[in-house]
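1. okay, predicted coordinates and the sequence, questions at the end:
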Amino acid sequence: MRIVGLTGGIASGKSTVSNLFKVHGIPVVDADLVARDVLKKGSGGWRKVVAAFGNEILLDNGEVDRAKLGQIVFSDPGKRQLLNRLLAPFISSGIFWEVFKLWMKGFKVIVLDVPLLFEAKMDGWTKPIIVVWVDPETQLQRLLARDRASEEDARNRINAQMSLDLKRSKADIVIDNTGSLEDLNEQFQNVLFQVKRPLTWTEFGLSRQGAFSVLLSVTIGVLICRKFYNNGL
Ligand SMILES: CC(C)(COP(=O)(O)OP(=O)(O)OC[C@H]1O[C@@H](n2cnc3c(N)ncnc32)[C@H](O)[C@@H]1O)[C@@H](O)C(=O)NCCC(=O)NCCS
Ligand SMILES: Nc1ncnc2c1ncn2[C@@H]1O[C@H](COP(=O)(O)OP(=O)(O)OP(=O)(O)O)[C@@H](O)[C@H]1O
């Protein structure tokens with residue numbers, strides 16, 4: 001199985017690229033959705049976070065007030081690290097479970113859309129790694145337009161992540177999403193070609209089909225050996 005890493009900065013265009021993959025039949029595991037699940041009322045992540053941050057971060061219905069928690073953690077690196085530390089094990093196992101379900105379904109190529117792929121040191125799980133880069137001014141303007149946040153809030157969120165230039169230097173494939181959606185689409189065709197190239201032997205071995213082929217070959221090998229052994233006796 002080929003697990004493609006997709007990352008970038010906040011509002012750099014990862015979800016937009018994810019949607020293009022989905023349109024082309026390649027499934028995407030979205031770490032933001034997994035992170036939402038592990039913070040749902042009553043879950044293990046929810047319990048840890050409420051114990052650490054107090055009931056003040058809850059809405060009347062008991063769910064986490066995401067806007068409030070966001071304001072707290074994006075303006076305080078210590079609290080952000082605490083939140084990351086509390087949720088990391090739940091997010092990693094949630095992602096692993098989603099990957100396992102796709103493996104069981106027999107998908108040979110999947111995409112992991114993880115905003116903090118490098119920060120959370122998950123980059124070793126994925127190859128190739130695609131970084132969606134955008135110039136800083138465009139990133140800020142798109143974030144302001146999408147989230148209707150204040151400029152201070154938006155800058156805090158951008159600064160909470162590794163710089164996009166550093167992420168770009170760690171990428172196998174870079175998509176420059178500073179231009180129009182048509183530009184993005186054009187670059188995507190080339191990316192799709194690279195992502196869909198034939199699997200290496202290791203990737204094939206890690207796919208469901210590869211694992212079953214190995215199992216089948218070993219079983220046939222053992223049966224043949226036993227037959228020869230029995231005949232020889
Ligand atoms: C703080 C929370 C509640 C704010 O929720 P909100 O709905 O406002 O934002 P959302 O979850 O949609 O995230 C939007 C973007 O913010 C960025 N972001 C989210 N969490 C973090 C973080 N801990 N550090 C840096 N950037 C982050 C990502 O680029 C993400 O795509 C939420 O982001 C959260 O629970 N974060 C911790 C979990 C996490 O690390 N998520 C990232 C998945 S790898
Ligand atoms: N090439 C583009 N031209 C114009 N707008 C774009 C382009 N690419 C993305 N956008 C817009 O920019 C915003 C951010 O894009 P998107 O939501 O895909 O980013 P993201 O990296 O997934 O963000 P997050 O880290 O918050 O999940 C969205 O409103 C999207 O519609």
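-> Yep, that arrived. Numbers count the residues shown, from 1 in each chain. Ligands and ions are numbered 1, 2, ... in the order given.
2. what does this structure have sitting close to ligand 2?
-> Proximity of the chain to ligand 2 (C-beta under 6 Å from any ligand atom) is limited to residues 8, 10-16, 32, 115, 142, 146, 177, 180-181, 184. Just so you know, the C-beta spots here come from the backbone N, C-alpha and C atoms, and that holds for glycine as well.
3. up against ligand 1, what does this protein have?
-> Proximity of the chain to ligand 1 is assessed by C-beta under 6 Å from any ligand atom, with 10, 31-32, 35, 39, 66, 69-70, 73, 80, 83-84, 87, 91, 114-116, 157, 160-161 identified as the residues in range.
4. just the ones of the residues of the chain next to ligand 2 in helices?
-> Judged by DSSP state H, the residues of the chain next to ligand 2 include K14, S15, T16, D32, R142, R146, L181, L184 as members of helices.
5. for the fourth one, give me the pLDDT.
-> As summarised for this prediction, D32 has a pLDDT of 96.
6. give me the neighbour count for it.
-> Other residues lying near D32 total 15 when counted by other C-beta atoms under 10 Å.
7. hmm, P115 and it touching each other?
-> Yes: counting by C-beta atoms under 8 Å, D32 does reach P115; the two are 6.7 Å apart.
8. and the helix or strand encompassing I175, how far out from the chain middle?
-> Element membership for I175, per DSSP states H and E: strand 173-176. Relative to the chain's own centre, strand 173-176 is displaced by 16 Å; criterion: C-alpha atoms, centre = their mean, to the nearest Å.
9. and the longest strand that the chain contains, how far out from the chain middle?
-> If each strand of the chain is counted by residues according to DSSP state E, the longest one is strand 2-8. Between the mean C-alpha point of strand 2-8 and the mean C-alpha point of its chain there is a distance of 7 Å (C-alpha atoms, centre = their mean).
10. partners of it in the sheet?
-> Strand 2-8 has these partner strands in its sheet, going by DSSP bridges: strand 109-113 (parallel), strand 129-133 (parallel).
11. pick the most buried one from the ones you listed.
-> A comparison of the strands paired with strand 2-8 by mean neighbour count, using mean count of other C-beta atoms under 10 Å, puts strand 129-133 on top with a mean of 24.
12. so how far is it off the chain centroid?
-> How far strand 129-133 lies from its chain's middle: 12 Å, per C-alpha atoms, centre = their mean.
13. so which helix or strand of the protein has the lowest pLDDT on average?
-> Using mean pLDDT, DSSP states H and E, helix 208-232 stands out as the lowest-scoring helix or strand of the chain, at a mean of 85.
14. could the strands paired with strand 2-8 go into CSV alongside mean pLDDT and distance to W201?
-> Output for those, formatted as CSV (pLDDT from 0 to 100; distance: least, C-beta to C-beta, whole Å):
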stretch, mean pLDDT, distance to W201
strand 109-113, 98, 15
strand 129-133, 98, 21
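15. out of these, which comes closest to L223?
-> L223 sits nearest to strand 109-113 of all the strands paired with strand 2-8, at 33.0 Å, using C-beta to C-beta.
16. what comes into contact with that closest one?
-> With contacts defined as C-beta atoms under 8 Å, 6 or more residues apart in numbering, strand 109-113 is touched by 1-7, 14-15, 18, 21, 26-32, 95, 99, 102, 122, 125-126, 195-196, 199.
17. could you pull out the buried residues of the helix ranked longest in the chain?
-> The residue-count maximum for a helix in the chain (DSSP H) belongs to helix 77-104. The neighbour-count criterion (16 or more other C-beta atoms under 10 Å) identifies 80, 82-83, 86-88, 90-92, 94-95, 98-99, 102-103 as the buried residues of helix 77-104.
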